[in-house]
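Chemist: no sequence for this one, just the structure:
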């Protein structure tokens, strides 16, 4: 074979290799762009996979309507807190105080009814005022004084926790006492049946909240401003968005949602104990948001994905319990899911940038 023919053969082989590489690259980019435009896709796939795995392992027992609705009941409070945390994370912030705001709010609700003999509605409004006020304080320090969200909310977490324990004297308000006074505080514990499924009003409240937040984030100016501030605050300023007001409103709204979580928690748990502050609601909410595809860098994610992320944690916990596995497996798998979710987010960001 002559030298020109050999050279032409090498070129043809190189062209084939390049074309094959471009084809693979194109497919990869399509996947990345799909995930970028559908941030709820990954958590949805993981959720479906877990349901199938545990369903095959435990059969009809896991797939029963009772089991699936029980999972919903167990994650209702964390799911509500996760939605509040999501709003803050979308602005490229974080709220470490969201859990203690919830606990302080339900301590206020209970004490107003029992200690001060206030009407239940007044007690509930007082709880919302406390939670919303705490959120507004965080928002003011972050938006007006330009303090880092992590430091601000870490500080308010300690302050609010201390005030809550001092105010309540760490006393537990019993279910019997609360029930004797009013049924309104426990309303979200009310259940009804749909076939074999047992649904509580707390679950209904969580789902209604997600529907409302989905509409707000996708169909209102305020929702679009939240994404814009988280994506690029300087560009948002140049576009005429009042970023300080957006941040203040977002943190305040997150606090009010924590108040709702407090009310639902009373119905779910039946009693009120300040010692609940030791339960790490903050990390549970952040975990659900991150697994649900919300970017910790802000400006990207779907509230629907957070609902899937919350259910992932619930399904994994229930499935492992049914299998009789050591509880530490849940901790291990949760850690793997968190790292995997962040890695996928980084991968998507590199392509979309």
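Modeler: Ah, there it is. The model shown is predicted, which means the values in this text are computed figures rather than measured ones. Numbering: from 1, shown residues only.
Chemist: Torsion angles phi and psi at the residue most central in space within the chain?
Modeler: Ranked by distance to the mean C-alpha position of the chain (CA atoms, centre = their mean), the top residue is residue 82 at 2.4 Å. When read as degrees, to the nearest 10, the backbone of residue 82 gives phi -60, psi -40.
Chemist: and the closest residue to it other than its chain neighbours, what element?
Modeler: Leaving aside its sequence neighbours, residue 82 sits nearest to residue 288 (CB to CB, 6 or more residues apart in numbering; 3.8 Å). Glycine gets a C-beta too; all of them are placed from N, C-alpha and C. In this structure, residue 288 sits in helix 281-291 according to DSSP states H and E.
Chemist: Check which helices and strands that helix sits against.
Modeler: helix 65-90, helix 98-114, helix 303-323, helix 328-352 (3 or more CB pairs under 8 Å, 6 or more residues apart in numbering; DSSP states H and E).
Chemist: Hey, what's the angle from the shortest one to helix 281-291? Just curious.
Modeler: Relative orientation of helix 98-114 with respect to helix 281-291: 130 degrees, computed using axes from the mean of the first three to the mean of the last three CA atoms, to 10 degrees.
Chemist: Go ahead and confirm residue 317 touches residue 67.
Modeler: No - using CB atoms under 8 Å as the test, residue 317 is too far from residue 67 to be in contact (11.9 Å).
Chemist: Any stretches of the protein with poor pLDDT?
Modeler: 1-26, 36, 172-181, 270-273, 275-279, 349-353 (pLDDT under 70).
Chemist: Now residue 153. Nearest residue, chain neighbours left out?
Modeler: Distances taken as CB to CB, 6+ apart put residue 96 closest to residue 153, at 4.1 Å, once the chain neighbours are dropped.
Chemist: Now do the contacts for that neighbour.
Modeler: 150, 153, 154, 157, 282 (CB atoms under 8 Å, 6 or more residues apart in numbering).
Chemist: before we move on, what SS does it have?
Modeler: What DSSP: H, G, I helix; E, B strand; the rest coil gives for residue 96 is coil.
Chemist: Next: residue 193.
Modeler: Relying on three-state DSSP, one would call residue 193 strand.
Chemist: what's near enough to touch residue 303?
Modeler: Taking CB under 8 Å, 6+ apart, one finds 83, 86, 210, 213, 214, 217 in contact with residue 303.
Chemist: tell me which residues in stretch 139-148 are buried?
Modeler: 139, 140, 141, 142, 143 (16 or more other CB atoms under 10 Å).
Chemist: and of those residues, the nearest to residue 331?
Modeler: Each of the buried residues of stretch 139-148 was checked against residue 331 using CB to CB; the closest is residue 142, at 30.8 Å.
Chemist: isn't that closest one right up against residue 149?
Modeler: Yes - with contacts counted by CB under 8 Å, residue 142 reaches residue 149, the gap being 5.2 Å.
Chemist: overlap in contacts of the two?
Modeler: Common neighbours of residue 142 and residue 149 (criterion: CB under 8 Å, 6+ apart): residue 93.
Chemist: which phi and psi does the nearest residue to residue 188 once chain neighbours are set aside have?
Modeler: Distance criterion CB to CB, 6+ apart; nearest residue to residue 188, sequence neighbours excluded, is residue 267 at 3.3 Å. Torsion angles at residue 267 (phi, psi; degrees, to the nearest 10) stand at phi -70, psi -30.
Chemist: which ones are touching residue 267?
Modeler: Going by CB under 8 Å, 6+ apart, residue 267 touches 185, 186, 187, 188, 189, 190, 200, 201, 202.
Chemist: same thing but at 6 Å, please
Modeler: Residues near residue 267 by CB atoms under 6 Å, 6 or more residues apart in numbering: 186, 188, 189, 202.
Chemist: quick one: which of the residues you listed is nearest residue 123?
Modeler: For the contacts of residue 267, the residue nearest residue 123 by CB to CB is residue 186; the value is 12.4 Å.
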